[in-house]
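Asker: dropping the sequence and predicted coords here.
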Amino acid sequence: MKRMNLFLIVILFGSLTFQVSLVQADDVLDAAEEAIKLYKEGKYSEAAGNFEYAGQLARQKRSGQLSDYLPAALDGWEAEEVETQAVAAGMFGVTSAERTYTKGDSSITVSIMADSPMIQGMIMMLQNPMIAASQGGELIKVDGRKALLQYDAANKSGQVQLVAANQYFIQVEGSQAEKEDVLKYAVGVNYGGLEEK
């Protein structure tokens, strides 16, 4: 009997939680609906502002999601807080998430950018070894994906750049960091998760 009562309580709680989640407002939808209302009323300038506001809110949500795909800190390293950004730039709405990892004087920053205007240029570079060579880099594979590595052993600094799912630009940049650590952080990005989005 107690088990049956517990089961009913769980069902009732789940139902109430679902109903509450339906009642909670979605800022993006609210802004879009307000924009449509203003548009129908002929208030085009105000409607445009609300559409842009809805777009900015959507980009912010997306940038927050990108942080889920950043790598965990390697042993002995500390991960700083994730920084997210959502910027409407001309025709592009660039969203990004980045985190810096530190160990003594070494630091490595991993960033994931969505809808970046740099993506097409990077794809072209990765498909043409001569262009990559002209940039002072070498083509490598990171978790089975083509990438460009530029590393200065004397200064222990460099970066890895690649594209995932033709829409995410990933950059791993190291300062006073070993090449192997830069590459480990590059491999640590959750590419499978990005490509399933």
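Answerer: Perfect, thanks for sending it. Residues are numbered from 1 along each chain as shown.

Asker: tell me the contacts of the closest residue to Met122 other than its chain neighbours?
Answerer: Spatially, and ignoring its direct neighbours in sequence, Met122 is nearest to Val163 (5.2 Å; CB to CB, 6 or more residues apart in numbering). C-betas here are computed from N, CA, C, even on glycine. Residues counted as contacts of Val163 (CB atoms under 8 Å, 6 or more residues apart in numbering) are Ile119, Met122, Ile123, Leu126, Arg145, Phe169, Ile170.

Asker: for Thr109, state which of the residues you listed is nearest.
Answerer: For the contacts of Val163, the minimum distance to Thr109 (CB to CB) is 11.5 Å, reached by Ile170.

Asker: farthest-apart pair in the contacts of Val163, please.
Answerer: Farthest apart among the contacts of Val163 by CB to CB are Ile119 and Arg145. That separation is 13.5 Å.

Asker: in terms of helix, strand or coil, where does Thr109 fall?
Answerer: Here Thr109 is recorded as strand under DSSP: H, G, I helix; E, B strand; the rest coil.

Asker: for it, which non-adjacent residue is closest in space?
Answerer: Thr100 (4.5 Å).

Asker: before we move on, what about Gly174?
Answerer: Leaving aside its sequence neighbours, Gly174 sits nearest to Val182 (CB to CB, 6+ apart; 4.0 Å).

Asker: gap between that neighbour and Leu149?
Answerer: Val182 sits 8 Å away from Leu149 when distances are taken as CB to CB, to the nearest Å.

Asker: list residues touching both of the two?
Answerer: Both Val182 and Leu149 are in contact with Gly158, Gln159, Val160, where contact means CB under 8 Å, 6+ apart.

Asker: return the subset of those lying in strands.
Answerer: Gly158, Gln159, Val160 (DSSP state E).

Asker: return a ChimeraX selection command for the buried portion of these.
Answerer: Buried members of these, defined by 16 or more other CB atoms under 10 Å, are picked up in ChimeraX with:
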select :158,159,160
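
Asker: partner strands of the strand ranked longest in the chain, with direction?
Answerer: Criterion DSSP E: the longest strand present in the chain is strand 92-103. Next to strand 92-103 in the sheet, as set by DSSP bridges, lie strand 78-79 (antiparallel), strand 83-89 (antiparallel), strand 106-114 (antiparallel).

Asker: and Val182 and Leu149? which has more neighbours close in?
Answerer: More neighbours surround Val182 than the other of Val182 and Leu149, with 24 against 20 (other CB atoms under 10 Å).
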